[in-house]
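**Q** Please find the sequence and the predicted model below.
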Amino acid sequence: MVAAIGRRGELGFGNRLLFRLKADMANFRRITAKTPLVMGRKTWESFPKRPLPGRPNIVATRNLDLKAPGAFVFSSLPPAIAAARAMAAQAGIAEVSIIGGAEIYAAGLEIATHMTLTEVEAEQEADVFFPQFDRKAWREMSAVRVEMDADNEEAFVIRELERRV
Ligand SMILES: NC(=O)c1ccc[n+]([C@@H]2O[C@H](COP(=O)([O-])OP(=O)(O)OC[C@H]3O[C@@H](n4cnc5c(N)ncnc54)[C@H](OP(=O)(O)O)[C@@H]3O)[C@@H](O)[C@H]2O)c1
């Protein structure tokens, strides 16, 4: 799973991201460069240019009429994730990326083994929040702090978490 949250778990507002963080976007592109991406319909629609290039975009929606050119559409999450896994396996890739939003993360928290969680050191008005989760169930493998600068409007920490077994 890959997510960026504010201090209160904020994810988005008005179907947009909350913070302009170039270094975090670069990290997102790096870690998801080849993996199939699993996302909800609103996250899909939030991208100014879609699909995100170079990897399968897999969208969950309950609207069977949804047109999402360039994406693979599924009406529930288990087959979406199964398809993502199959596409990854076919490409010789070990991971799939679950990239939000809130309901998709809630389901992802049940199955994900690794999480890249960017914690922004700021608060913003939001209408979507990351689900509550048990931090103790996750071991921190690394934490990298990025200072605020011209490209990153807030300071943030990118944490690599691994589910404890
Ligand atoms: N900060 C971050 O890391 C991050 C990451 C991703 C997104 N975001 C932000 O979060 C917001 C979007 O997230 P969101 O939570 O509002 O929406 P979302 O999860 O992207 O999409 C919600 C939609 O996905 C479909 N869906 C969800 N669960 C499903 C299921 N189990 N089976 C089938 N379809 C399912 C439904 O689509 P239908 O209504 O079409 O049926 C639902 O309305 C935006 O503001 C975006 O910028 C932030």
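**A** Good, I have the coordinates. Numbering: from 1, shown residues only.
**Q** Quick check: mean pLDDT of the helix ranked longest in the chain?
**A** Of all segments of type helix in the chain, defined using DSSP state H, the longest is helix 77-90. Across helix 77-90, the average pLDDT comes to 97.
**Q** Remind me what it packs against, helices and strands.
**A** strand 37-40, strand 57-60, strand 72-74, helix 102-111 (3 or more C-beta pairs under 8 Å, 6 or more residues apart in numbering; DSSP states H and E). Every residue, glycine included, has its C-beta placed from N, CA and C.
**Q** Buried residues, the second one. List them.
**A** Counting neighbours by 16 or more other C-beta atoms under 10 Å, one finds that the buried residues in strand 57-60 are 57-60.
**Q** Please apply the same query to the shortest one.
**A** Applying a neighbour-count criterion of 16+ other C-beta under 10 Å, one finds 72-74 buried in strand 72-74.
**Q** With respect to the ligand, which of those residues is nearest?
**A** Using C-beta to the nearest ligand atom, Phe74 is the member of these that sits closest to the ligand, with 7.1 Å.
**Q** Without its sequence neighbours, what residue ends up closest to the closest one?
**A** Residue nearest to Phe74 in three dimensions, not counting chain neighbours: Ala80, with 3.8 Å by C-beta to C-beta, 6 or more residues apart in numbering.
**Q** right, and the one you found touches Val38 too?
**A** Yes - counting by C-beta atoms under 8 Å, Ala80 touches Val38, with 5.5 Å between them.
**Q** which residues do those two both contact?
**A** 58, 60 (C-beta atoms under 8 Å, 6 or more residues apart in numbering).
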